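>>> Sequence unavailable; structure follows:
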């Protein structure tokens, strides 16, 4: 939990104000925010090291790569767990446990596949951030050049105020400023467009994984409900397991629901903005459509 | 993607049958399943090494620990990314980018907190599996003892058929069998009960993370919608950023929705079985309730 946001659930005013910025300990233009918290801050670090234009984004892109690796690892581990659960269930020599654990394994394995697919989608979003970083990189020389010419002019003005080079340099400065004006416009245009694009894609990936995993988990719970866990007394035999076909049907339902989700993808994500929230159609459709078709 | 289940979406019959079991290449009691696939299989391994009763579950519990670590790492990385995004945004000196990236950072940080909370819930479920493993461990000596006495009886019957020890051993065997009968009943009772409990908890954790992250991601998309990304021409200034209070409101809405989710938790999860699926109430309530209150 982030120390600044762990209290997001708390009702008190302090917590609410604290959760309004990720930046700690400094004003960020929200003058109405009454709490300027002390505590750990990157401000001092930022002050002492003046970073190259693209350095921060470079770091962010690198961290995103770690995030992707973590979700890939989680997906692979889910798959391992799925097999191990199935193998364990078989070893119990209890037909019911064997069948249910095998089929819960299928669900877990698919949860893992969704986790890996999520990692893949995050990677696509990360690619979009690289466009901003590359533009930042290409704008840096333009800024540097403009600054350097201005510096040169200042130096010469002090040393040789009558130098003919001054005229040339001042012409160069005008050209450099024009060139930089274009570069800065390109930078702000790319930055805003791609920032929206990258995080819209990330949030869409979060929603996709979530909706699909909800489908899988709910069917997983249906599978577990098929396992009779009423206790037996020593010497009594378990009733014969008769839920095999019902369990198979649950997996078929899960498959159908995921297919329905894919078919409705275009529809559900037409407008992934505020309007989407009010109706709640995005989620309930994704889950219910398939289920209503396939569940008795 | 698991090679056996990557085709879960495919419509052909093969893929459907393939997805009905996590075990590859062997019949598992579902005689109606027509495809007995070749391919990689753990059967040979299982045949050659006769594992101690609790060994498989021990491995499963260990793998689950790796899964938990992966999600913890993902949660922490999200938090790092949140800060880096906010810091980058501030450095752009674009007030709109600065504010939106800071607040998207808050959402990302909370997504990370949910990921860590998910890891915590998985750990609780893992604890339940340990109960089965411990029972397996404790039943092993009972099985061994019964087997050993039966072996001893066989040996003595061959060597000294008239030995008076035979009577004693046969009495011991009856006692050992009675003791084992109780142990095996305990084992099946614990196994079924705790298997359901553990994976019900896991699936509930999947659903909780998913529903909360959907809330956060949708509000994240609302934040991005506040960023004007219409291109400017060189030399033009950006319009003054006036979305600060709207952006703050989005975070307040997100907070309110998460609170509503918590308040409805008991209600939503009363019956986490098949019935839950048909209504779809679990999800749509979790997301819509708060939004309808707080969104204009």
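Good, I have the coordinates. Just so you know, these numbers come straight off a predicted model, no measurement behind them. Residues are numbered from 1 along each chain as shown, chains lettered A, B, ... in the order given.
>>> Okay, the residue in chain A sticking out farthest from the centre and chain B: tell me how far apart.
For chain A, the largest distance from the centre (CA atoms, centre = their mean) belongs to residue A:162, which lies 59.2 Å off. As judged by CB to the nearest CB, to the nearest Å, residue A:162 and chain B stand 33 Å apart. Where you see a C-beta, it was placed from the backbone N, CA and C, and this is true even at glycine.
>>> Look at that residue and tell me its secondary structure.
coil (DSSP: H, G, I helix; E, B strand; the rest coil).
>>> Distance-wise, check it relative to residue A:174.
Residue A:162 sits 21 Å away from residue A:174, going by CB to CB, to the nearest Å.
>>> And for residue A:200?
For residue A:200, the distance to residue A:174 - CB to CB - is 39 Å.
>>> Between these two, which has more neighbouring residues?
Just comparing residue A:200 and residue A:174: by other CB atoms under 10 Å in any protein chain shown the higher neighbour count belongs to residue A:200, 19 against 11.
>>> for the helix or strand encompassing residue A:203, packing partners?
Applying DSSP states H and E as the criterion places residue A:203 in helix A:165-225. On a contact count with 3 or more CB pairs under 8 Å, 6 or more residues apart in numbering or on different chains; DSSP states H and E, helix A:165-225 meets helix A:95-159, helix A:244-268, helix A:281-294, helix B:95-159, helix B:165-225, helix B:274-279.
>>> Any chance of TSV for those, columns distance to residue A:235 and mean pLDDT?
TSV is the format used below for the helices and strands packed on helix A:165-225 (distance: least, CB to CB, whole Å; pLDDT from 0 to 100):
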stretch	distance to residue A:235	mean pLDDT
helix A:95-159	18	95
helix A:244-268	26	90
helix A:281-294	41	31
helix B:95-159	14	95
helix B:165-225	5	97
helix B:274-279	33	36
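>>> Can you say which of those helices is nearest to residue B:238?
helix B:95-159 (7.0 Å; CB to CB).
>>> counting contacts, what elements does the closest one pack onto?
So helix B:95-159, by 3+ CB pairs under 8 Å, 6+ apart, packs with helix A:165-225, helix B:55-91, helix B:165-225, helix B:244-268.
>>> got the contact list for residue A:213?
Residue A:213 makes contacts with A:111, A:114, B:206, B:207, B:210, as judged by CB atoms under 8 Å, 6 or more residues apart in numbering or on different chains.
>>> what does residue A:69 give?
Here residue A:69 is in contact with residue A:119 (criterion: CB under 8 Å, 6+ apart).
>>> Tell me how many other residues crowd residue A:171.
A count of neighbours around residue A:171, defined by other CB under 10 Å, yields 11.
>>> Check residue A:222 too.
Counted with other CB under 10 Å, residue A:222 comes out at 25.
>>> same thing with residue A:136?
Per other CB under 10 Å, the neighbour tally for residue A:136 reads 22.
>>> Is it in contact with residue A:54, as I believe?
Yes. Applying CB atoms under 8 Å, one finds residue A:136 in contact with residue A:54, separated by 3.8 Å.
>>> could you give the angle of the helix holding residue A:203 to helix A:55-91?
For helix A:165-225 against helix A:55-91, the angle by axes from the mean of the first three to the mean of the last three CA atoms, to 10 degrees is 20 degrees.
>>> Work out the gap between helix A:165-225 and the centre of the chain.
Put simply, helix A:165-225 sits 12 Å off its chain's centre (CA atoms, centre = their mean, to the nearest Å).
>>> for stretch A:223-231, same thing?
Worked out by CA atoms, centre = their mean, stretch A:223-231 lies 36 Å from the chain centre.
>>> do stretch A:90-109 as well
With CA atoms, centre = their mean, you get 33 Å for stretch A:90-109.
>>> What residues sit buried inside that stretch?
A:90-92, A:94-109 (16 or more other CB atoms under 10 Å in any protein chain shown).
>>> which ones are touching the spatially most central residue of chain A?
When CA atoms, centre = their mean is applied to chain A, the residue found nearest the centroid is residue A:202 (4.2 Å). By CB under 8 Å, 6+ apart, the contact list for residue A:202 reads A:121, A:122, A:125, B:220.
>>> What is the nearest of those to residue B:58?
Nearest to residue B:58 among the contacts of residue A:202 is residue A:122, at 32.8 Å by CB to CB.
>>> Any idea how many residues pack against the spatially closest residue to the closest one that is not a sequence neighbour?
Residue nearest to residue A:122 in three dimensions, not counting chain neighbours: residue A:68, with 5.0 Å by CB to CB, 6 or more residues apart in numbering or on different chains. Counted with other CB under 10 Å, the neighbours of residue A:68 add up to 20.
>>> was I right about residue A:68 contacting residue A:124?
No. Applying CB under 8 Å as the test, residue A:68 and residue A:124 come out as separate, 10.2 Å apart.
>>> Mind splitting chain A into its structural domains?
What automatic domain parsing lists as the domains of chain A is A:1-50, A:65-206.
>>> Give me whichever of the ones you listed is most buried.
domain A:65-206 (a mean of 19; mean count of other CB atoms under 10 Å in any protein chain shown).
>>> Kindly check the end-to-end length of it for me.
The first and last residues of domain A:65-206 sit 16 Å apart, counting by CA to CA, to the nearest Å.
>>> Does residue A:52 belong to a helix, a strand or coil?
Recorded secondary structure, residue A:52: coil (three-state DSSP).
>>> From residue B:193, how far out is the closest residue to it other than its chain neighbours?
Excluding its sequence neighbours, the residue lying closest to residue A:52 (CB to CB, 6+ apart) is residue A:140, at 6.4 Å. Using CB to CB, we find residue A:140 at a distance of 64 Å from residue B:193.
>>> Likewise for residue A:213?
Distance, residue A:213 to residue B:193, by CB to CB: 25 Å.
>>> same thing with residue A:164?
Taken as CB to CB, the span from residue A:164 to residue B:193 is 94 Å.
>>> Residue A:77 now?
25 Å.
>>> Residue A:121 too?
Per CB to CB, residue A:121 is found 38 Å from residue B:193.
>>> And residue A:189, by the same measure?
The value you get for residue A:189 to residue B:193, if CB to CB is used, is 61 Å.
>>> same question, residue A:233
Counting by CB to CB - residue A:233 and residue B:193 are separated by 15 Å.
>>> same check, this time on residue A:234
16 Å.
>>> Switch the helices and strands packed on helix A:165-225 over to CSV; also include distance to residue B:20.
Shown next, in CSV, are the helices and strands packed on helix A:165-225 (distance: least, CB to CB, whole Å):
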stretch, distance to residue B:20
helix A:95-159, 7
helix A:244-268, 5
helix A:281-294, 15
helix B:95-159, 24
helix B:165-225, 18
helix B:274-279, 19
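>>> Quick one: closest of those to residue A:60.
Nearest of the helices and strands packed on helix A:165-225 (CB to CB): helix A:95-159, 6.8 Å.
>>> Just the angle for the closest one relative to helix B:165-225, thanks.
40 degrees.
>>> What lies in contact with stretch A:126-139?
A:53-54, A:57-58, A:60-61, A:64-65, A:68, A:183-184, A:186-187, A:190-191, A:194-195, A:197-198, A:201.
>>> ok, now which ones touch residue A:72?
By CB under 8 Å, 6+ apart, residue A:72 lies in contact with A:115, A:116, A:119.
>>> Sweet, I'm off.
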